[in-house]
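Next come a sequence and a model predicted from it.
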Amino acid sequence: MRNSMKRILISAIVIILGLSSYSFGQKEFMTVNGKKIEVFISGLENNQPGKPVIVLENGMATKYDYWETIVNEVSKTSVVFSYNRPRIGESENDSLPPTVAHINSNLKSMLLEKGLKPPYLLVGHSFGGAYIRSFASKYPEEIAGLIFVDPIDFTKKGDDGDLPYLEIGLTKHQIDSMFAKPYTKFKEKLYEEMPNFYVEEVKISSQLTKNDFKDCDSIPLPDVPVHFIKAGEYPKGPDDRGETSFDKKKLFRINNNIQMKRWIELLNPLKYGKLIYLSNSGHYIPKDDPETIITSIRLALNDYYKIQKEKIIKE
């Protein structure tokens, strides 16, 4: 009774003062390889053996704050683990490249240290999609589900990046001319001007792309609930700059269609695969449409329990 009253009072104070914070949870610091990592765990009272732990993996160089609405709702029934990778937020710089192997090793050790044992339902936004795909390849038996929120396209291989430009009518020579030198200059300027935590993750993204994301998808997806949530709203801002010989909005649609076609091919062998398209949401779906992610998590959990029930019946 006292705990319930305490929560009500805290919530009231947050509303009255206009504070932005998670409803029920605790920010803390964990030590990994001698360095502090900022974590936020909510819903610990829901941690039970065999019940999936919801793990949130941020987009490139972003902090866990933007999951707030999702954490507040999902933690009412599940334990939710979110954190900031090294160099980001209040997490210390561990001076190591944020490779998928390193980040996943950090994540696994933190989860176990907090008594958060598998199975895990992983939710990765943007670049976080590469990390959770890699985690699923390394620990396939520990996965309850995977939700890719407008992820970096780890299904893109070789020259697949040229496909939307070819479809809109450009030649291979035009594509190479458009990207070769300008892209090199862009990276050089980026590395000089952007903060270290951003540059380090950009470098890893480039390495993954060059290696066709082999560090991410070394084995097929486990047969668990897997969702792809795709943003369909054309991005506003920097992408509108500059004149081109083609319709950039049309290119955006073509690229989306090509990506989703590859994602559907991944989902087809799975019993509980889902593709969710959001025509009115931009890339930052956790902010633009958190309700869809909340629904996706609930659907994935329901399907996970169906799978467990089916296993028991077979036995």
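Noted; the coordinates are in hand. Numbering: from 1, shown residues only.

how about the strands in the stretch 51-200 of the chain?
For the stretch 51-200 of the chain, the strands defined by DSSP state E, counting those that start in this stretch occupy 53-57, 80-83, 120-125, 143-149.

closest to residue 247 out of those?
In terms of Cβ to Cβ, the element of the strands of the stretch 51-200 of the chain nearest to residue 247 is strand 143-149, at 27.0 Å. Using the backbone N, CA and C atoms, a C-beta is placed for each residue, glycine as well.

show me the contacts for the most centrally placed residue in the chain.
Central residue check for the chain by Cα atoms, centre = their mean: the C-alpha nearest the mean position is that of residue 124, 1.7 Å away. Contact analysis of residue 124 by Cβ atoms under 8 Å, 6 or more residues apart in numbering lists 56, 57, 130, 131, 132, 133, 146, 147, 148, 149, 151.

Going by distance to residue 292, which of those wins?
Ranked by distance to residue 292 (Cβ to Cβ), these are led by residue 149 at 8.9 Å.

low-confidence ranges in the protein?
In the predicted model, the chain carries pLDDT under 70 at residues 1-24, 181-183, 237-244.

helices and strands around the longest helix along it, which ones?
When the chain is parsed with DSSP state H, its longest helix is helix 290-314. Using 3 or more Cβ pairs under 8 Å, 6 or more residues apart in numbering; DSSP states H and E as the contact test, the elements touching helix 290-314 are helix 68-74, strand 120-125, strand 143-149, strand 226-231, strand 273-278, helix 285-288.

Quick one, which of the ones you listed gets closest to residue 196.
strand 120-125 (21.4 Å).

starting at the chain centroid, how far to the closest one?
Centroid separation between strand 120-125 and its chain, computed with Cα atoms, centre = their mean, to the nearest Å, is 6 Å.

still on that earlier bit, what would the helices and strands packed on helix 290-314 look like in a markdown table with distance to residue 42?
Putting the helices and strands packed on helix 290-314 into a markdown table (distance: least, Cβ to Cβ, whole Å) gives the following:
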| stretch | distance to residue 42 |
| --- | --- |
| helix 68-74 | 5 |
| strand 120-125 | 14 |
| strand 143-149 | 17 |
| strand 226-231 | 21 |
| strand 273-278 | 24 |
| helix 285-288 | 15 |
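
To residue 294, which of the ones you listed lies closest?
helix 68-74 (5.1 Å).

Now for the residue nearest to residue 62 when sequence neighbours are not counted: which residues touch it?
Excluding its sequence neighbours, the residue lying closest to residue 62 (Cβ to Cβ, 6 or more residues apart in numbering) is residue 88, at 7.3 Å. Counting by Cβ under 8 Å, 6+ apart, residue 88 touches 58, 61, 62, 63, 197.
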